[in-house]
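> Give me coordinates for this.
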Amino acid sequence: MRLLTLAALVIGCGAMCGQQPAPQTGTAATAKVASPGDHLDPHIKKGSEADVDAVGQRKIGGRGMRNWYSPNWEAGIGRQYSVEVEKSSHLVTDPVVVEYVNRIGQNLVRNSDAKVPFTIKVLDTDEINAMALPGGYFYVDSGLILACDSEDELAGVMAHEIAHVAAHHAAREMTRMGYMEIGTIPMIVFAQGSWTGYGVYEASQLAMPLTLLEFSRDYEAQADYLGIQYMYRAGYDPQGMVTIFEKLDALEKHKPGAISKAFSDHPATPERIAAVEHEIATILPARPEYLVTTSEFEQVKARLQRIQNKRGVVKKMAAKEPTLRRIGASNNAPAAVPGSTN
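Numbering: from 1, shown residues only. Prediction:
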């Protein structure tokens, strides 16, 4: 395991640009980044959403006027759509990869406000995405893991998604729609593979309501706010969330469509990133060291890359397999050779 001080995180900028600087553990920094404790707010109310020491003891987004739905409803609807996800997707079954990602996720869950157990799986897809359904059904795309350059970046995205579940955002969004006096909220709105009505999340033949995956800017901001606390509590450098958001934003601009629509509809704007930097500096007490990455992360990435490469080879081989077709009675059949007879 490799531990670096926060100041050493500035090397991440070089990694994002394709450079490979040597590891650093000193305290000198060549570029200023927000560090926990830089401007710690002395007036944080104990037990409040800003009190990182109260994580796990707070009631955030629980049932009430802003959330009509019970934990049983959340667990049931999450279970229902998890079945659909797995019917319509390929799961990574490699035990090393699955155990590693699950271990990261469970560490974050233990250091969060979530009150439900999480089931964490890896989807075998090039798409860059992660989604946590109500009730703790959590899926991480292998494409996201490969897009990360360090373990804290992966933890940043996972912490953000865990925060959506911990804060009951799906149930609160359904409640908000109820307050808007929508007569009937369809659980599935799907029309010939297009986005329609309230919208759907489509993966292969899967249709999923975006109320379970796509949230308002306020909810995204809250997930950022809580996510950095969960990362911090789990020992990670909270700057990992900033660097991966910047990277995904740049990737979407350079290669539109590389990131899942449900994941990219709320991009990491400069304002959003600045807000996260401010929160890191004002609500997180300073620590002597933070986990940035591990050799295990690099091993898992290499293992995933081999899995995806193998999948690509299999697809190419399947595409080259000969196919037979019966020649029709007429020489006008598409495959008929000019001048040949039947």
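> Can you show me the strands along the stretch 101-250 of the chain?
Under the criterion DSSP state E, counting those that start in this stretch, the stretch 101-250 of the chain contains strands at 119-123, 130-133, 137-141, 200-203, 206-209.
> between the ones you listed, which gets the lowest average pLDDT?
Note on the strands of the stretch 101-250 of the chain: strand 200-203 shows the lowest mean pLDDT, a mean of 34.
> So the spatially closest residue to residue 37 that is not a sequence neighbour versus residue 151, what's the distance?
Take residue 37 and drop its neighbours on the chain: the residue closest to it by CB to CB, 6 or more residues apart in numbering is residue 286, 3.0 Å away. C-beta here means a position set from N, CA and C on the backbone, and glycine is covered the same way. Distance of residue 286 to residue 151, computed by CB to CB, to the nearest Å: 21 Å.
> got it, and residue 222?
24 Å.
> Those two: which has the busier surroundings?
residue 151 (26 against 21; other CB atoms under 10 Å).
> from what I can see residue 127 touches residue 143, true?
Yes - proximity of residue 127 to residue 143 meets the contact threshold set by CB atoms under 8 Å, at 5.0 Å.
> out of these two, which sits in the busier spot?
When residue 127 is set against residue 143 and neighbours are counted by other CB under 10 Å, the residue ahead is residue 143, at 20 against 16.
> any idea of the pLDDT on that one?
Confidence at residue 143, expressed as pLDDT, is 92.
> Report the contact partners of it.
By CB atoms under 8 Å, 6 or more residues apart in numbering, the contact set of residue 143 is 125-129.
> Tell me how many other residues crowd residue 116.
Number of residues near residue 116 (other CB under 10 Å) recorded here: 16.
> what's the spacing between it and residue 162?
Residue 116 is 10 Å from residue 162, where distance means CB to CB.
> about what we covered before: tally of neighbours for the residue nearest to residue 37?
Residues lying near residue 286 (other CB under 10 Å) number 11.
> now swap in residue 285 and tell me
Going by other CB under 10 Å, the residues that sit close to residue 285 add up to 11.
> Might you report the residue contacts of it?
36-37, 40, 52 are the contacts of residue 285 under CB under 8 Å, 6+ apart.
> May I ask which of those residues has the most neighbours?
residue 36 (22 neighbours).
> phi, psi of that residue?
phi -50, psi 130 (degrees, to the nearest 10).
> so what's it up against?
Residue 36 touches 6, 232, 238, 280-281, 284-287, counting by CB under 8 Å, 6+ apart.
> Now with 6 Å, please.
280, 284, 286 (CB atoms under 6 Å, 6 or more residues apart in numbering).
> Give me the distance between it and residue 47.
Counting by CB to CB, the separation of residue 36 from residue 47 is 20 Å.
> Which stretches in this protein count as helices?
11-16, 71-87, 95-110, 142-147, 151-166, 169-179, 217-233, 239-254, 261-264, 270-283, 295-320 (DSSP state H).
> taking the mean pLDDT, what do you get for the longest one?
Across helix 295-320, the average pLDDT comes to 77.
> neighbours around the closest residue to residue 144 other than its chain neighbours, how many?
Leaving out its chain neighbours, the residue that sits closest to residue 144 by CB to CB, 6+ apart is residue 128, at 4.9 Å. Neighbours of residue 128 under the rule other CB under 10 Å: 24.
> what do you get for residue 293?
Using other CB under 10 Å, residue 293 is surrounded by 25 other residues.
> Next: residue 117.
Residue 117 has 10 nearby residues by other CB under 10 Å.
> And the one 5 residues further on, by the same measure?
Summarising burial for residue 122: neighbours were counted as other CB under 10 Å, giving 26.
> need the contact list for the residue nearest to residue 311 when sequence neighbours are not counted.
The shortest distance from residue 311 to any non-neighbouring residue, by CB to CB, 6+ apart, is to residue 124 (7.0 Å). Applying CB under 6 Å, 6+ apart to residue 124 gives the contacts 90, 92, 142.
> What is the nearest of those residues to residue 76?
Residue 76 has its nearest neighbour among those in residue 90, at 25.3 Å by CB to CB.
> Which pLDDT value goes with the closest one?
As predicted, residue 90 sits at a pLDDT of 92.
> Could you do residue 190 as well?
Confidence at residue 190, expressed as pLDDT, is 36.
> go on, residue 172?
Note on residue 172: pLDDT of 78.
> what do you get for the one 4 residues further on?
With respect to pLDDT, residue 176 scores 69.
> Also residue 114?
Reading off the model, residue 114 has pLDDT 95.
> How many residues are close by it?
Other residues close to residue 114 by other CB under 10 Å number 23.
> same question, the one 5 residues further on
Other residues near residue 119 number 16, with proximity taken as other CB under 10 Å.
> So in terms of bridging, what pairs with it?
Going by DSSP bridges, residue 119 is paired in beta bridges with residue 137.
> surely it meets residue 139?
No - at 9.3 Å, residue 119 does not count as touching residue 139 under the criterion of CB atoms under 6 Å.
> before we move on, the earlier item: now for the contacts of residue 143, which pair is the farthest apart?
Using CB to CB, the contacts of residue 143 reach their maximum pairwise distance at 126 and 129, which is 10.1 Å.
> Right, I'll call it a day here.
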